[in-house]
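**Student:** What follows is a predicted protein model with its sequence.
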Amino acid sequence: MTDRSVAIVTDSTADLPAQLVRARAITVVPLTLHFEGLSLLDGVDIKPSEFYRKLPNANTHPTTSQPAPGRFAETYEELLANHDEVVSIHISEKLSGTYASAVQGAEMTDPQRIHVVDSQLVSMSLGLLTLAASEIAVQGGSADSVVERISAMRDQVQTYFSVATLEFLRRGGRIGRANAMLGSVLQVKPVLCIRDGLVTPLERVRTFDRALNRVIALAREVDRGKGLCVIVGHAAAEQDAERVAHELEPVAETIMIQPLGPVVGAHAGPGVVGVGCYPADLLPLGIKTAASARARA
């Protein structure tokens, strides 16, 4: 057995930087991007920078698919060879079939030792919950304690974002309750959140700049005086992400800037900027400085 008896697994929609995944010994199972006639493993066969460079000239809209149950089963089997248990944390089951596929993979392997969790989140916030699980496991927590603590945290991890256009969410069928905003999509910029595992509209403002100001303000409201754990995500909008991060740094215990991966970008579209955050007093992530934690495409 390894020193850490609990292995942590997530999927590529967590959009975590590769170096942090390696440092935290997190296993990432990639989703698949179907793009320009090719089936590409998210973050493996195609990186964010390449995807966003090619997207404007694409002839067809990219689509995505979840990993097969057998892919999860293979991953779990390998991990159980040198870990006692596995905690596998995934994108909201209301947004993807990935969670269901992971459950099937666990049933094919050793369901007593594999704990599959529906994060009810995606991207930046799924990444934060996965890092929290890793932190608990590093501290020696059992699989049950990891699941219990991240399940308690889940509702306090907030996701706020704005999109340049709702068209990508509409095409991908991931628009959820934001569908009501389509009628005025040309007149307003939406401020969106994840609620009950779905993309949900919060407000409408006149400009994207105002939308980002609201994202910043909403994130600041999450702070309980002890700072925030923050990931700022973006789809080919690094300058806007830098601005959001700069505004949040005074209240951030830890902060990262991370490009959204191709699978998330295929549904959100280019120009998205968002924040995943939670009060740092719930669980500091052990990433000591903003500068060292920042990731680049």
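**Tutor:** Received the coordinates, thanks.

**Student:** just for the stretch 101-250 of the chain, where's the confidence low?
**Tutor:** With pLDDT under 70 as the threshold, the stretch 101-250 of the chain has low-confidence stretches at 167-187.

**Student:** Okay, domains of this protein per the record?
**Tutor:** Structural domains assigned to the chain are 6-31+66-154, 158-293, following automatic domain parsing.

**Student:** for these, which one sits closest to Thr60?
**Tutor:** Within these, the stretch nearest Thr60 is domain 158-293; the backing value is 10.6 Å (Cβ to Cβ). Placement of C-beta: from N, CA and C, glycine included.

**Student:** on that earlier part again, redo the domains of the chain as TSV? Include distance to Phe51 and mean neighbour count.
**Tutor:** Rendered in TSV, the data for the domains of the chain read as follows (distance: least, Cβ to Cβ, whole Å; neighbours: other Cβ atoms under 10 Å):
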stretch	distance to Phe51	mean neighbour count
domain 6-31+66-154	12	21
domain 158-293	4	20
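
**Student:** Just put these in a markdown table and tack on distance to Gly37.
**Tutor:** As requested, these are arranged in a markdown table below (distance: least, Cβ to Cβ, whole Å):
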| stretch | distance to Gly37 |
| --- | --- |
| domain 6-31+66-154 | 18 |
| domain 158-293 | 15 |
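
**Student:** Counting by contacts, list what the helix or strand containing Glu135 packs against.
**Tutor:** Assigned by DSSP states H and E, Glu135 belongs to helix 124-138. Using 3 or more Cβ pairs under 8 Å, 6 or more residues apart in numbering; DSSP states H and E as the contact definition, the elements that helix 124-138 packs against are strand 6-11, strand 26-29, strand 85-90, helix 143-154, strand 158-162, strand 228-234, strand 273-279.

**Student:** Could you tell me the angle between that helix and strand 228-234?
**Tutor:** Angular relation of helix 124-138 and strand 228-234 on a 0 to 180 degree scale: 140 degrees, by axes from the mean of the first three to the mean of the last three Cα atoms, to 10 degrees.

**Student:** next one: helix 124-138 to chain centre, how far?
**Tutor:** 11 Å (Cα atoms, centre = their mean, to the nearest Å).

**Student:** next helix or strand past the helix or strand harbouring Ile255?
**Tutor:** Ile255 belongs to strand 252-259 when elements are defined using DSSP H and E. Toward the C-terminus, strand 252-259 is succeeded by helix 262-268 as the next helix or strand (DSSP H and E).

**Student:** And the average pLDDT for that next one is what?
**Tutor:** Summarised as a single mean, pLDDT over helix 262-268 is 91.

**Student:** quick one: contacts of it?
**Tutor:** Helix 262-268 has contacts (Cβ atoms under 8 Å, 6 or more residues apart in numbering) with 12-13, 15, 31-33, 35, 40, 42-43, 46-48, 51-52, 55, 61-64, 122-123, 161, 163, 168-169, 172, 174, 233, 235-236, 260, 272.

**Student:** Now do that helix: distance to the chain's middle.
**Tutor:** Helix 262-268 has its average C-alpha position 11 Å from the chain's average C-alpha position, going by Cα atoms, centre = their mean.
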